[in-house]
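Asker: next come a sequence and a model predicted from it.
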Amino acid sequence: MERPLFSARAEAFPAGLRVLVVDDDPTWLKILEKMLRKCSYEVTTCNLASDALSMLRERRDKFDIVISDVNMPDMDGFKLLEHVGLEMDLPVIMMSIDGETSRVMKGRKCTS
């Protein structure tokens, strides 16, 4: 018996995924929050990497994934990635308007 097409999409977007989004740009933060909520994710937003790290340390079992901008005013996004990688078992998605290869490779080195 064939599986319905919609079931593949349902598996791709697990309802209730707890996401922490970190970006200092309030417009992008709202856009990302709205998009993620449409996927039925539970979204928490934060505009400073240092605040996000404190939140993760205090409530590390409250999030399933972190999405963070690379360029942050208080702490480099790669530093946040490094701390999360060393202290927690959480996947991190890094985003940036800077698509320079060296920046991408720096992110890969932080996760190694």
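Answerer: That came in fine, so what should we check first?

Asker: ranges for the helices of the chain?
Answerer: In the chain, helices defined by DSSP state H lie at 5-12, 26-38, 49-58, 77-87, 101-111, listed in chain order.

Asker: show me what the longest one is in contact with.
Answerer: Here helix 26-38 makes contact (Cβ atoms under 8 Å, 6 or more residues apart in numbering) with 19, 21, 23, 43, 45, 47, 67, 69. C-betas here are computed from N, CA, C, even on glycine.

Asker: can you tell me which of these are in strands?
Answerer: 19, 21, 43, 45, 67, 69 (DSSP state E).

Asker: residue contacts, the last one?
Answerer: Read that as residue 69. Listed by Cβ under 8 Å, 6+ apart, the contact set of residue 69 reads 22, 23, 24, 25, 28, 77, 94, 95, 96.

Asker: one more time with 6 Å, if that's ok
Answerer: Residues in contact with residue 69 (Cβ atoms under 6 Å, 6 or more residues apart in numbering) are 23, 77, 95.
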